[in-house]
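> Build me a model from this:
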Amino acid sequence: MALDGVEEFLSTCCATTSAWPHEPAAVDYHATEGRSWRPALSADGARTARLPEPGTTPATAAGASLRGAAGELVLALYGRIPVGSLKVDGDRRLFDQLLAWDPDE
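Model prediction:
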């Protein structure tokens, strides 16, 4: 159920044609249950794709990644727990920018 929650949040709440106001970036979300997603952020907006199965490497690296149980990822996406309470790799600032971004402004 929590895996569906992560996917729904990233494919609906993080999908927009509003320009990302920072340098283009990609961030990965990895659920310990086995699924991973990558929102790509650019002047064209934000689009999320599911990453290939674990053990395969995407063509390009993300600027940052967040790893935890799906339930923890959902809580972090909704700002209920701090991103730092999960395993963060790469530029943590990207998650701070993403959480602070309001595409409607």
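
> dump the residue contacts of the nearest residue to Ser11 once chain neighbours are set aside.
Distances taken as CB to CB, 6 or more residues apart in numbering place Thr48 nearest to Ser11, at 5.3 Å, with adjacent residues excluded. For every residue, glycine as well, the C-beta is placed using N, CA and C. By CB atoms under 8 Å, 6 or more residues apart in numbering, the residues touching Thr48 are 10-11, 14-15, 37-40.

> Just the buried subset of those residues, please.
Buried members of the contacts of Thr48, scored by 16 or more other CB atoms under 10 Å, are 10, 14, 37-40.

> now, which of the residues you listed lie within strands?
Among the buried ones among the contacts of Thr48, the members falling in strands (DSSP state E) are 37-40.

> Specify which member of the residues you listed is nearest to Glu53.
Trp37 (12.8 Å; CB to CB).

> hang on, the earlier thing: save the buried ones among the contacts of Thr48 as CSV, and put in distance to Ala61 too.
Listed next are the buried ones among the contacts of Thr48 as CSV, based on distance: CB to CB, whole Å:
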residue, distance to Ala61
Leu10, 19
Cys14, 19
Trp37, 15
Arg38, 10
Pro39, 14
Ala40, 12
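
> Looking at those residues, spot the one nearest Leu75.
Closest approach between the buried ones among the contacts of Thr48 and Leu75, by CB to CB: Leu10, at 14.0 Å.

> was I right about that closest one contacting Asp28?
No - applying CB atoms under 8 Å, one finds Leu10 not in contact with Asp28, separated by 10.7 Å.
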